[in-house]
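Q: Prediction below, plus the sequence it came from.
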Amino acid sequence: MYNRPINVAIAGLGFGAEFIPIYLKHPDAKLAAICQRTRAKLDEIGDAFHIEKRYTDLDEMLLDPDIDAVHINTPIPDHGQQSIKALRAGKHVACTVPMATTVEECEEIVALSREKNLTYMMMETVVYAREFLFMKELYDKGELGKVQFLKASHQQDMDGWPGYWPGLPPMYYATHCVGPVLGLMRSEAEYVSCFGSGTIREEMHGFYGSPFAVETTHIKFRNSDVGAHIYRSLFDVARQYRESFEVYGSKKSVEWPLIEGGPLVVHTAKRPEPEIPEETECPDFAHLLPAEIQAFTRQGVYDADDHQHLSFTQGGGHGGSHPHLVHAFLHALKTGTQPYPNAVQSANITCVGILAHASAQQGGALIQLPAFTLSK
């Protein structure tokens, strides 16, 4: 718990720069430092936001005793080891998705957060997007009735993306569809079964040893009769960007629009057949935030057309989730409570994807989630 502003450092200033003005304006935060490998980019951002402490080396920044917490926004392959380093250095960690790329890294993060009594939060955007918050509100009020089934997808054309992206197995980065199906009822995955479908171009097979164009996973929830279906594609599938989440209840169901930007569709049971579906404009949930950061549910750093970040041109700005993520993390640190998702929950969400791909490689075999991803 803190009775003063929390000193936060941001590592990675591509997507990470979106969060700078939110931390600068949040009443419980002080943006203490930024870190970026490229000096020119580091200075450009530092000068723009008048941030004095600047690092090109994460290890050096982690030695800074004034930093309480680190928000990691670096490339996916670095998340696990950088989170581990930060926890070992005694820093609280917020990390963009996924938590890590191996089950072993996830386990070490969970163990370190417990051993050192530090907070870890995976910054999963969808579970703080306005559409999810709308469905969560319906669920919490009992308006959905008994939840019977959940479904989610994340489809994106990653052709032309550099580095580690070509040939990436779809389920390796599945948190945007795993997160909401588990997050609505704060459920845990017990086991998964996944099938690969179709084939990406042969020149991409060698990067990860995976040919699959689409991977589809069924998730069995722990201590529940409910299951979920998720699907994911990255290459050679014709589809507009889509992060969708749908919930089917006994009283009401909510479906995502087929085309980005369209209204949600709410189905209400026992009405005359033509009146069952109703298009619904999703409300914003900025009122849940401190007044100083409410505006960031609708706009970000890069609002000019020539500086628009991909999170706003693809995925609709992540549903206004960025200030909610920052607030959830800071609130947990300020009050000594656990954020959602905490280390164990983040590991459960992330390991669903990792183990789902392993299942696809074994023709759909059932694979149990490891014990460290489950609450006691």
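A: Now that the structure is in, tell me what you want to look at.

Q: List the strands paired with the host helix or strand of Asn7, with their directions.
A: Per DSSP states H and E, Asn7 falls inside strand 6-11. Sheet pairing for strand 6-11, assigned by DSSP bridges, gives strand 29-35 (parallel), strand 69-72 (parallel).

Q: I'd like the next helix or strand past it.
A: helix 20-25.

Q: Surely Ala189 and Lys220 touch.
A: Yes: assessed by C-beta atoms under 8 Å, Ala189 is found in contact with Lys220 at 7.1 Å. No exception for glycine: its C-beta is placed from N, CA and C like everyone else's.

Q: Pick out whichever of those two has more residues nearby.
A: Ala189 (25 against 17; other C-beta atoms under 10 Å).

Q: how would you label Glu278: helix, strand or coil?
A: strand (DSSP: H, G, I helix; E, B strand; the rest coil).

Q: now Ala356
A: Per three-state DSSP, Ala356 ends up helix.

Q: on that earlier part again, now render the strands paired with strand 6-11 as JSON lines, adding mean pLDDT, mean neighbour count and distance to Gly142.
A: Shown next, in JSON lines, are the strands paired with strand 6-11 (pLDDT from 0 to 100; neighbours: other C-beta atoms under 10 Å; distance: least, C-beta to C-beta, whole Å):
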{"stretch": "strand 29-35", "mean pLDDT": "98", "mean neighbour count": "22", "distance to Gly142": "35"}
{"stretch": "strand 69-72", "mean pLDDT": "98", "mean neighbour count": "24", "distance to Gly142": "35"}
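
Q: With respect to Asp284, which of the ones you listed lies nearest?
A: Comparison of the strands paired with strand 6-11 against Asp284 by C-beta to C-beta identifies strand 29-35 as nearest, at 22.0 Å.

Q: Return the distance of that closest one from the chain's centre.
A: Distance of strand 29-35 from the chain centroid (C-alpha atoms, centre = their mean, to the nearest Å) equals 22 Å.

Q: likewise stretch 330-343?
A: 16 Å.

Q: Quick one: mean pLDDT for it?
A: The pLDDT scores in stretch 330-343 average 98.

Q: Give the buried residues for that stretch.
A: For stretch 330-343, the neighbour count (16 or more other C-beta atoms under 10 Å) marks 330, 332-334, 339-343 as buried.

Q: For it, which outside residues touch it?
A: For stretch 330-343, the external contacting residues (C-beta atoms under 8 Å, 6 or more residues apart in numbering) are 1-2, 6, 8, 26, 28-29, 68-69, 92, 109-110, 113-114, 119-122, 124, 127, 179, 183, 186, 328-329, 348-349.

Q: Among these, which lie within helices?
A: Within the contacts of stretch 330-343, residues falling in helices by DSSP state H are 109-110, 113-114, 179, 183, 328-329, 348-349.

Q: ok, of the residues you listed, which come out buried?
A: Looks like those have 109-110, 113, 179, 183, 328-329, 348-349 buried, using 16+ other C-beta under 10 Å.

Q: Helices of the stretch 51-200 of the chain, start to end?
A: In the stretch 51-200 of the chain, helices defined by DSSP state H, counting those that start in this stretch lie at 58-62, 79-88, 103-115, 130-140, 175-183, listed in chain order.

Q: So which of those helices is the most surrounded?
A: With neighbours taken as mean count of other C-beta atoms under 10 Å, those reach their highest mean count in helix 175-183, at a mean of 28.

Q: just checking, Tyr340 is part of a helix?
A: No: counting by three-state DSSP, Tyr340 is not part of a helix but coil.

Q: Check the contact between Asp59 and Gln82; I expect there is one.
A: No: the pair Asp59 / Gln82 is not scored as a contact, 9.5 Å apart, by C-beta under 8 Å.

Q: So what would you say the end-to-end distance of stretch 45-64 is?
A: End-to-end distance for stretch 45-64: 20 Å, by C-alpha to C-alpha, to the nearest Å.

Q: thinking in terms of the whole chain, how far from its middle is that stretch?
A: Centre-to-centre, stretch 45-64 and its host chain are 25 Å apart (C-alpha atoms, centre = their mean).

Q: Now do the buried residues in that stretch.
A: Neighbour-count burial for stretch 45-64 flags 45-46, 51, 53-55, 58, 61-62, 64 (criterion: 16+ other C-beta under 10 Å).

Q: Now these in JSON lines, please, with extra columns for pLDDT and distance to Ile22.
A: Converted to JSON lines, the buried residues of stretch 45-64 look like this (pLDDT from 0 to 100; distance: C-beta to C-beta, whole Å):
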{"residue": "Ile45", "pLDDT": "94", "distance to Ile22": "14"}
{"residue": "Gly46", "pLDDT": "96", "distance to Ile22": "17"}
{"residue": "Ile51", "pLDDT": "97", "distance to Ile22": "14"}
{"residue": "Lys53", "pLDDT": "98", "distance to Ile22": "18"}
{"residue": "Arg54", "pLDDT": "98", "distance to Ile22": "19"}
{"residue": "Tyr55", "pLDDT": "98", "distance to Ile22": "20"}
{"residue": "Leu58", "pLDDT": "98", "distance to Ile22": "21"}
{"residue": "Met61", "pLDDT": "98", "distance to Ile22": "20"}
{"residue": "Leu62", "pLDDT": "98", "distance to Ile22": "22"}
{"residue": "Asp64", "pLDDT": "98", "distance to Ile22": "21"}
